[in-house]
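Participant: What would the 3D arrangement of this be:
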Amino acid sequence: MVSEVPIVPSHVHSINDSVSAEEAADDYEFVIRQLVKTRIVSVSEISDCPKFDLILLGLGPDGHVASLFPNHSAINEREEWVTFITDSPKPPPERITFTLPVINSASNVAVVATSDSKAEAVHLAIDDVGPECPLIPARMVQPAMGKLVWFLDKLAASKLEESNLNK
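Facilitator: So this is what the prediction gives:
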């Protein structure tokens, strides 16, 4: 829990869950834009996106990260920093999320996956599976000037090609 970590309370920016997903996304993007404008959060060298020190992502069995799901229009958002969905394929249906340009502008991105239910998604995200492979959101996480690190347990890594196990 955040309350257990020595973080200055003014550095915690929660999402307003008392409004619609669209309003919450707009409000949160406004907050992030103010943080960039006042230089509390750096700006990316390659875009106008914020450059967070670290973005921590979980991986879903379908290859989703954040609330960016396969075959969902949110993965194509390039203008907004924060977007929303109202038809999530898993509960809750209404969600807000950073967009891929923001995620890929971070200095460090860490993706965590555990259990055999994530093994196929890990394989599709990391291994060279060819052009006929479905493009899952996790594979689209490619920090332009940052570092991407995967944290996997043995079960989640069980379908990886041998050449990718020690990267």
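
Participant: From here on, just use CA atoms for contacts and neighbour counts.
Facilitator: Fine.

Participant: Just give me the residue closest to the centre of the protein.
Facilitator: Computing the C-alpha centroid of the chain and ranking residues by C-alpha atoms, centre = their mean puts residue 66 first, at 4.1 Å.

Participant: where exactly do the helices run in this structure?
Facilitator: For the chain, the helices defined by DSSP state H occupy 21-37, 100-103, 119-126.

Participant: now these in a markdown table, with mean pLDDT, mean neighbour count and distance to residue 56?
Facilitator: Below are those laid out as a markdown table (pLDDT from 0 to 100; neighbours: other C-alpha atoms under 10 Å; distance: least, C-alpha to C-alpha, whole Å):
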| stretch | mean pLDDT | mean neighbour count | distance to residue 56 |
| --- | --- | --- | --- |
| helix 21-37 | 97 | 18 | 17 |
| helix 100-103 | 98 | 25 | 9 |
| helix 119-126 | 96 | 22 | 16 |
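
Participant: can I get those in JSON lines with distance to residue 48?
Facilitator: Formatted as JSON lines, the helices of the chain follow (distance: least, C-alpha to C-alpha, whole Å):
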{"stretch": "helix 21-37", "distance to residue 48": "9"}
{"stretch": "helix 100-103", "distance to residue 48": "9"}
{"stretch": "helix 119-126", "distance to residue 48": "26"}
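
Participant: Which of the ones you listed sits closest to residue 82?
Facilitator: Of all these, helix 21-37 sits nearest to residue 82, with 5.5 Å by C-alpha to C-alpha.

Participant: Give me the contacts around the closest one.
Facilitator: 13, 15-17, 41-43, 50, 80-86, 94-97 (C-alpha atoms under 8 Å, 6 or more residues apart in numbering).

Participant: Of the residues you listed, select the buried ones using a ChimeraX command.
Facilitator: The ChimeraX command for the buried members of the contacts of helix 21-37 (criterion: 16 or more other C-alpha atoms under 10 Å) is given here:
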select :41,42,43,50,80,81,82,83,84,85,94,95,96,97
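
Participant: Fine by me, thanks again.
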